[in-house]
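Asker: this is a predicted model, with the sequence first.
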Amino acid sequence: MAITVTDPRPIDRAEEILTPKALAFIEELHTRFAGTRNELLQARKAKRQQVAETSRLDFLPETREIRDGDWKVAEAPAALQDRRVEMTGPATPAKMAINALNSGAKVWLADLEDASTPTWPNVIDAILNLRDAAQGTLSYTSPEGKEYRLRTDAPLAVVVARPRGWHMEESHLLIDGEPAVGALVDFGLHFFHVAKQLVLNGHGPYYYLPKMESHLEARLWNDVFVFAQDFLGIPQGSIRATVLIETIPAAFEMDEILYELREHASGLNAGRWDYLFSIIKYFRDAGEEFVLPDRATVAMTAPFMRAYTELLVKTCHKRGAFAMGGMAAVIPNRKQPDVTAAAFEKVRADKTREANDGFDGSWVAHPDLVSTCREVFDSVLGDRPNQIDKQRPEVNVTAEQLIDVASAGGTVTEAGLRLNLYVAVAYTGVWISGSGAVAIHNLMEDAATAEISRSQVWQQLRNKSILADTGNTVTRELVTRILGEETERLRIEFGDENFTKYYEPASKLIEDICLSDEYTDFLTTPAYELVG
């Protein structure tokens, strides 16, 4: 095989990351594991087709022994024993990375996935920042002269990096003329450059694994980990992985996923927004009973969401793993005290529910929310680092409960349709511009919420949903008209130059995938072609 870098110097210091040895490691990962990854992506399609024919998902009969077995994952290292507050955000630019590390959170989810557009400069800059952070040298000086440095008066957040999901490719690294697997590029560059340093620091190379749909995909990650640790000569088990349960098929394989990764597993996370997206995707053609109400009205207290989170806590604690709560999308606005007060109230209620349910920690998307989340978990945990000892034997979740979408209640409205189209275009426009996370109407939107938005439009259109507030039927004509109105609104809000560069192509993309007869599995796949 031969590896080609289409742009060897996308940013200053790129040569420090794209070294011959690092590229040889990426090539070796691709050679060994890309074929299995491709087979597993095909297996996803086959399983989805089966669900399309039956409108059913169930626990796997062939893995019953694993679910019934008495086994546990490896004990967590000291650095990951206390995860009560996790700050999430992209690892680029350096200013954001420094703010996250200094935030006071126990963990920083350094996101190379949903909160980061994988432009080639972003990919390399993220790895540079994470390497510099591991070495203690990360710094930044703004054009105005303001200096950002890693704090020395308190512990920095422990880094848990999130590579791209298995479905993404990296078009700037070609192996025998084909794009490399994005997940292997992100993991490979990060692991190669920071693993040994992190072990010396008393931490380790820790990862969040996104978008998996089966325990076989977890097995592939485990194989990657075993090979990578041997390749660099660091002890097996140095890597620890937390898996995001953010697809509906993965919710039926929580035990099996932990089992496959048991020597490297740290826990599971309730990736609520991608989970909702996955439910829509999986049951998009299963009839009106699987049409979710307006996105903003789907609460974590809905019975089918309660089934998902309670099963996750029970499964994790039974196996000695951490159960991590999800993202509260609301964020404060320092210029609007009333908005900030409402955000704090909503986050406190969300985290209180999670802590009382047995979660060991949870996510926030803004440094100002770290103290609120910490206070909630402090009140439940006290001096304990976690509550793995809180077992949930009373929880018995059935397959029917997990897919009881109708239990959400609520309605589909034209106001919700309009908001979905606005968010889908607004977010995609920002994503094309190179930013993966953006505040829209005081909510932190990332790829997951944009995926829900455009998927709801597709599903409502296919089901000819009746809108409760207007009585209108969702038709191609209605979607086209409202999309045009919301696109014009974005032109007025952001000006002609940004509109032409980012929002106009974003609107065209959203129109194409919402009106297409064929469902697009991931918005970011066609959007990636627009970022260059």
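Answerer: That came through fine.
Asker: so where do the strands sit in the stretch 201-350 of the chain?
Answerer: Using DSSP state E, counting those that start in this stretch, the strands of the stretch 201-350 of the chain run over residues 206-209, 240-245, 265-270, 322-327.
Asker: same question for the stretch 1-150 of the chain.
Answerer: Assigned by DSSP E, counting those that start in this stretch, the stretch 1-150 of the chain shows strands spanning 3-5, 85-90, 107-111, 139-141, 147-149.
Asker: how about the helices in the stretch 401-532 of the chain?
Answerer: 414-433, 447-462, 476-498, 504-515, 524-528 (DSSP state H, counting those that start in this stretch).
Asker: now do the stretch 1-150 of the chain
Answerer: Residue ranges of the helices in the stretch 1-150 of the chain, as given by DSSP H, counting those that start in this stretch, are 20-54, 64-68, 94-101, 120-135.
Asker: about what we covered before: V364: which of the strands of the stretch 201-350 of the chain is closest?
Answerer: Ranking these by proximity to V364 (Cβ to Cβ) places strand 322-327 first, at 7.6 Å. Quick note: C-beta positions are derived from backbone N, CA and C, even for glycine.
Asker: tilt between the closest one and strand 240-245?
Answerer: With axes from the mean of the first three to the mean of the last three Cα atoms, to 10 degrees applied, the angle from strand 322-327 to strand 240-245 works out at 50 degrees.
Asker: what lies in contact with strand 322-327?
Answerer: Identification of contacts with strand 322-327 by Cβ atoms under 8 Å, 6 or more residues apart in numbering yields 76, 80, 83, 86, 88, 242, 266-273, 300, 309, 312-313, 316-317, 350-351, 354, 358-365, 386, 388, 444.
Asker: narrow the residues you listed to those that are buried.
Answerer: Among these, those classed as buried by 16 or more other Cβ atoms under 10 Å are 76, 80, 83, 86, 88, 242, 266-273, 300, 309, 312-313, 316-317, 350-351, 354, 358-365, 386, 388, 444.
Asker: okay, buried residues for stretch 92-102 please.
Answerer: Quick answer for stretch 92-102 (16+ other Cβ under 10 Å): T92, A94, M96, A97, I98, N99, A100, L101, N102.
Asker: pull the contacting residues for the first one.
Answerer: With contacts defined as Cβ under 8 Å, 6+ apart, the neighbours of T92 are S116, N122, D125, A126, N129.
Asker: next one: the third one
Answerer: The contact partners of M96, by Cβ under 8 Å, 6+ apart, come to G89, P90.
Asker: quick one: pLDDT of it?
Answerer: pLDDT recorded at M96 is 95.
Asker: quick one: the nearest residue to K318 once chain neighbours are set aside from R481, how far?
Answerer: The spatially closest residue to K318, leaving aside those adjacent along the chain, is Q391, at 6.6 Å (Cβ to Cβ, 6 or more residues apart in numbering). From Q391 across to R481, the span is 53 Å (Cβ to Cβ, to the nearest Å).
Asker: repeat for L268
Answerer: The value you get for L268 to R481, if Cβ to Cβ is used, is 42 Å.
Asker: got a winner among the contacts of T92 for most neighbours?
Answerer: Taking other Cβ atoms under 10 Å as the neighbour criterion, S116 ranks highest of those with 28 neighbours.
Asker: test my guess that it contacts P90.
Answerer: Yes. S116 lies in contact with P90 (Cβ atoms under 8 Å); the separation is 4.1 Å.
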